[in-house]
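A.B. asks: heads up, no residue letters with this:
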């Protein structure tokens with residue numbers, strides 16, 4: 001097997017060269033005076049409503065778009081505050097099913113904006129002027145051909161300036177209607193409720209309805225826990241304020257367990273300098289044989305009653321992380337043992353999401369030496385298709401704020417659920433590595449649930465062996481060994497591997513995550529099928545992750561985004577007869593900041609990966625991407641947002657691109673440059689340069705078409721090109737780790 005190579009060299013940075021071109025309607029489109037009149041009437045109705053309900057310091061307006069729209073096609077002038085983009089006024093986003101002009105079923109964006117009365121009145125006035133202009137057009141409509149002529153100067157601007165008219169027209173084209181959405185579904189139990197951010201602070205706003213909000217109820221400035229009576233008051237008085245809600249009390253996703261006969265003489269040496277993994281789970285029984293390996297913290301209040309059932313799940317999870325291969329030899333991963341810092345935050349029955357949310361951030365903040373956290377708690381309830389759960393959003397915030405990664409179980413369905421159901425919180429956390437389960441034959445476990453998240457994001461990320469009816473996982477519980485099955489017991493095996501890659505091998509969390517995903521995807525990725533196995537099954541042995549096959553060259557690169565584009569066009573790939581005899585694939589991982597208030601448009605920063613041969617095109621260097629990604633190519637304007645998301649995973653924080661392996665494939669032509677290139681292009685949704693300084697990790701694999709080992713040629717070529725090539729020698733890394741953890745006695 002070949003070692004993975006770490007390439008270190010210079011990345012270059014480039015600002016976005018493209019400015020804003022002329023404003024035109026899409027090809028073969030038009031806007032009629034009647035459509036403008038309809039939008040104006042709708043805004044006037046909203047103005048009347050909010051004039052009679054002047055309690056939030058402005059107006060909420062819901063905008064139904066005609067399709068899924070990119071950031072560039074959102075409102076640019078209508079609903080905008082003076083001198084500010086309407087994007088800054090967005091308070092929520094979701095998808096809705098609808099029909100296009102051809103009668104085909106399509107998904108559509110629905111945004112909720114909060115704007116001032118001045119902005120609302122200005123938008124109405126803009127539409128009135130636009131209506132007057134259209135009255136002078138033939139057939140009282142403007143087409144894409146008309147907007148092209150207007151941009152050339154063929155326009156009378158006495159009523160409305162040319163630029164304003166074009167911006168209003170394009171805004172109106174993408175908008176189907178203006179409305180005000182309300183939360184009509186009755187909420188019968190204590191819930192975590194998010195209200196839209198308005199011009200009045202949440203505490204003061206709710207107090208106007210007789211709801212007393214104390215700080216202990218708040219999760220953030222707009223999300224809080226409310227009792228059923230308080231929710232009823234809010235729904236009766238202001239149902240339009242409720243952006244999203246989820247029940248506060250959840251049940252653990254069920255798992256099965258039965259006693260297992262085992263050798264009572266099982267022993268374990270005392271811990272030394274092994275890496276420490278964090279576990280957040282139910283309680284831990286300190287009488288088990290491996291108790292010296294676990295630093296246990298009971299975080300429950302003394303007022304909460306507990307019983308023996310509350311210790312089974314947490315103890316079992318920690319047993320796998322510490323010593324799993326000892327009683328599961330079939331799953332020997334060669335990662336060794338790990339110490340655990342275990343935080344008991346829940347009992348085995350119903351638990352409060354609000355309570356756990358309050359605790360997890362404090363736990364991570366106070367234990368920043370821990371980089372890998374296992375969270376095998378999960379709700380039996382399904383996630384909502386239009387917004388991230390509070391638990392998932394908090395995990396994403398924590399991972400953006402701290403240099404940590406959560407390994408999260410994909411949650412189980414119960415015996416009563418024969419049909420497929422969606423995963424439960426917090427398995428909708430995008431920054432986390434979410435693990436589903438397969439049986440020992442590699443098929444989805446009978447209890448496995450499915451994604452996607454927000455109707456788009458691939459979750460779970462991957463899968464591992466979690467046992468099933470015929471063959472289960474062995475764990476240590478308070479009463480001894482037990483045979484269990486569940487995603488709760490698949491996740492710890494991935495936690496072990498992630499901890500090994502970060503602590504022993506010394507990889508960043510970005511590279512480690514990309515490497516795990518890449519190893520699961522192999523050359524037959526499964527993520528596009530049914531959202532149940534993610535990118536595939538992670539290999540059992542750590543060597544199959546830290547090494548590549550003899551006919552493969554696998555290398556890792558990492559960096560930060562400081563401008564629109566971060567790139568290198570200087571990666572040498574061995575040639576044979578002026579061609580590259582390789583298949584290629586690449587995986588990118590990063591941890592963006594996210595905004596729960598943005599609903600389905602959840603991630604704030606997008607990284608778009610391009611990898612392939614460097615060629616000259618129109619007098620410029622250009623990458624011929626291995627999957628023909630043309631999203632950011634200059635002059636390319638014909639990729640719809642929905643297609644960009646489906647084909648190239650736009651806005652996803654994991655990108656995996658791969659050429660299809662074919663027996664009849666021929667070596668790729670080598671262009672004049674003789675090099676390959678890697679380009680990461682960054683885009684922001686809300687705040688310019690918000691992602692500046694964000695780290696990324698990339699794993700690239702080149703597979704030789706004829707089975708030859710060309711890694712030595714690659715290393716030499718990289719050295720000639722000025723790259724520092726560092727083979728990841730795991731044995732050497734283990735030695736370095738052990739020496740680094742030795743106690744030094746000074747004489």
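C.D. replies: Okay, I see it. Everything quoted here is computed from the prediction, not taken from an experiment. Residues are numbered from 1 along each chain as shown.
A.B. asks: show the residue spans covered by the strands in the stretch 451-600 of the chain.
C.D. replies: In the stretch 451-600 of the chain, the segments counted as strands under DSSP state E, counting those that start in this stretch are 462-465, 473-477, 480-485, 547-548, 552-561, 565-572, 579-580, 582-590.
A.B. asks: can I get those in CSV with mean pLDDT, mean neighbour count and distance to residue 29?
C.D. replies: Where C-beta positions appear, they are placed from N, C-alpha and C, glycine not excepted. Output for the strands of the stretch 451-600 of the chain, formatted as CSV (pLDDT from 0 to 100; neighbours: other C-beta atoms under 10 Å; distance: least, C-beta to C-beta, whole Å):
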stretch, mean pLDDT, mean neighbour count, distance to residue 29
strand 462-465, 96, 25, 42
strand 473-477, 95, 25, 57
strand 480-485, 93, 20, 54
strand 547-548, 94, 20, 49
strand 552-561, 95, 22, 34
strand 565-572, 94, 19, 31
strand 579-580, 94, 17, 42
strand 582-590, 96, 25, 34
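A.B. asks: out of those, nearest to residue 62?
C.D. replies: If you check each of the strands of the stretch 451-600 of the chain against residue 62 by C-beta to C-beta, strand 582-590 wins as the nearest, at 31.6 Å.
A.B. asks: partner strands of that closest one, with direction?
C.D. replies: Paired strands of strand 582-590, with direction, are strand 654-658 (antiparallel), strand 694-704 (antiparallel) (DSSP bridges).
A.B. asks: quick one: average confidence on the last one?
C.D. replies: Mean pLDDT, taken over the full extent of strand 694-704, equals 96.
A.B. asks: that strand versus strand 565-572: what angle between them?
C.D. replies: With axes from the mean of the first three to the mean of the last three C-alpha atoms, to 10 degrees as the basis, strand 694-704 and strand 565-572 are set at 30 degrees to each other.
A.B. asks: checking my notes, residue 192 in a strand, right?
C.D. replies: Yes - inclusion of residue 192 in a strand is indicated when DSSP: H, G, I helix; E, B strand; the rest coil is applied.
A.B. asks: that one contacts residue 220, doesn't it?
C.D. replies: No - taking contacts as C-beta atoms under 8 Å, residue 192 lies outside contact range of residue 220: 10.7 Å.
A.B. asks: of the two, who's got more company?
C.D. replies: Between residue 192 and residue 220, counting by other C-beta atoms under 10 Å, residue 192 is the more crowded of the two (22 against 15).
A.B. asks: please tell me how far the more buried one sits from residue 428.
C.D. replies: 14 Å (C-beta to C-beta, to the nearest Å).
A.B. asks: ok, now residue 358?
C.D. replies: 19 Å.
A.B. asks: next, count neighbours for residue 656.
C.D. replies: With other C-beta under 10 Å as criterion, residue 656 counts 23.
A.B. asks: hang on, isn't it packed against residue 524?
C.D. replies: No - using C-beta under 8 Å, residue 656 is not in contact with residue 524; the gap is 11.9 Å.
A.B. asks: out of the strands of the stretch 451-600 of the chain, which gets nearest to residue 452?
C.D. replies: Closest among the strands of the stretch 451-600 of the chain, using C-beta to C-beta: strand 462-465, at 14.2 Å.
A.B. asks: who are the packing partners of the closest one?
C.D. replies: When contacts are defined as 3 or more C-beta pairs under 8 Å, 6 or more residues apart in numbering; DSSP states H and E, strand 462-465 packs onto strand 433-438, helix 491-499, helix 509-521.
A.B. asks: what angle separates the first one from helix 491-499?
C.D. replies: Looking back up the chat, that one is strand 433-438. 140 degrees.
A.B. asks: got the angle for strand 433-438 vs helix 509-521?
C.D. replies: Computed by the same axes, to 10 degrees, the angle between strand 433-438 and helix 509-521 is 20 degrees.
A.B. asks: what are the contacting residues of strand 433-438?
C.D. replies: The contact list for strand 433-438 (C-beta atoms under 8 Å, 6 or more residues apart in numbering) reads 405-410, 412, 423, 427, 444-445, 447-449, 459-468, 485-487, 489-491, 494, 498, 513, 516, 532-534, 537.
A.B. asks: in helices only, show me those.
C.D. replies: Among those, DSSP state H puts 491, 494, 498, 513, 516 in helices.
A.B. asks: wait, isn't the fourth one in contact with residue 404?
C.D. replies: Read it as residue 513. No - in this structure, residue 513 is not within contact of residue 404 by C-beta under 8 Å, at 11.6 Å.
A.B. asks: neighbour-wise, which of those two wins?
C.D. replies: More crowded of residue 513 and residue 404, by other C-beta under 10 Å: residue 513, with 29 against 22.
A.B. asks: low-confidence ranges in the stretch 401-550 of the chain?
C.D. replies: Scanning the stretch 401-550 of the chain for pLDDT under 70 picks out the ranges 416-418, 526-529.
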